[in-house]
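Asker: sequence and predicted structure are below.
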Amino acid sequence: MNIPKGKKVYFASDNHLGAPTKEESFPREKKFVAWLDEIKHDAAAIFLLGDLFDFWFEYKTVVPKGFTRTLGKLAEISDSGIPIYYFVGNHDLWMHGYFEEELNIDVFHKPKEFTFNDKSFFIGHGDGLGPHDKGYKRMKKIFTNPFFKWCFRWLHPDLGVKLAQYMSVKNKLISGDDDAKFLGEDKEWLVQYAKRKLEEKHRDYFIFGHRHLPLEVKLNDHSSYINLGDWIQYYTYGVFNGENMELKRY
């Protein structure tokens, strides 16, 4: 993808709209929509790196109620010709066509590599990557198992969504508590993952979410790991201007 002069590529992650309640997350949603409205004027592309919603499950004929302003703004931007790319997170694993069909947004379930001008980007949500997080990796296999998804689909949406939201807000990180701290490069799983990927092939930037902590870590003289933070505490996002990548706060 060539980035024209004056245009930029934007990245955001981890809004968790609906947490801890829809009412409490509504001001955050309005702020995010305002940001989208601002960046559409110079955006060459927008990347959303997962967990836009605190819970999202697509039934055959039903999607979760709410978030109309966000979905409407994304549809407006997509209809204007600006490409939007979505990487599912651990809270919206169950996307199966709605974003593609209704919003014309490409959805990815695994990390993917992109090249902007002469810079290479390795992009993903970040959940389940790295040498540890074994408990979550086992749980993810259950969440993505076709049989268990089929079973959950037979729960009435009022019950299924309520149950999932209750389980979600039990996680302090997702609820927005400020207990996310930098653990050091040797204990940051996504840093370790990026370093291992560098042994296979050079990438200029590794861009992830999931961690809820804005981070910029130099992996070597020519490669960096960037975590986008979140839109719960930090309201941080990434922007690539065609030459350099940086984190900013809205």
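Answerer: Now that the structure is in, tell me what you want to look at. Since the structure is predicted, the reported quantities are computational estimates derived from the model, not experimental observations.

Asker: quick check: phi and psi at Pro20.
Answerer: phi -80, psi -20 (degrees, to the nearest 10).

Asker: same thing with the one 10 residues further on?
Answerer: Comment: the main-chain dihedrals of Lys30 come out as phi -60, psi -40, following degrees, to the nearest 10.

Asker: which ones are touching it?
Answerer: By C-beta atoms under 8 Å, 6 or more residues apart in numbering, the contact set of Lys30 is Arg69. Every C-beta, even on glycine, is put in place using the N, C-alpha and C of the backbone.

Asker: got any ranges where the protein has weak pLDDT?
Answerer: 130-145, 147-154, 157-158, 160-161, 163-179 (pLDDT under 70).

Asker: show me where it has helices.
Answerer: 22-39, 68-79, 98-103, 134-143, 146-153, 157-169, 172-175, 189-200 (DSSP state H).

Asker: list the buried residues for the second one?
Answerer: Meaning helix 68-79. For helix 68-79, burial by neighbour count (16 or more other C-beta atoms under 10 Å) applies to Arg69, Thr70, Leu71, Lys73, Leu74, Ala75, Ile77, Ser78.

Asker: same thing with the first one?
Answerer: Across helix 22-39, burial judged by 16+ other C-beta under 10 Å covers Lys22, Ser25, Arg28, Glu29, Phe32, Val33, Trp35, Leu36, Ile39.

Asker: and what of the last one?
Answerer: Neighbour counts using 16+ other C-beta under 10 Å place Trp189, Leu190, Val191, Gln192, Tyr193, Ala194, Lys195, Lys197, Leu198 of helix 189-200 among the buried residues.

Asker: quick check, the second one in contact with His212.
Answerer: Going back to what we said before, that points to Leu190. No. Applying C-beta atoms under 8 Å, one finds Leu190 not in contact with His212, separated by 11.9 Å.

Asker: ok, now which ones touch the residue lying closest to Gly124 once chain neighbours are set aside?
Answerer: Spatially, and ignoring its direct neighbours in sequence, Gly124 is nearest to Pro111 (2.9 Å; C-beta to C-beta, 6 or more residues apart in numbering). Each residue near Pro111 by C-beta under 8 Å, 6+ apart is listed here: Phe87, Phe122, Ile123, Gly124, His125, Leu129.
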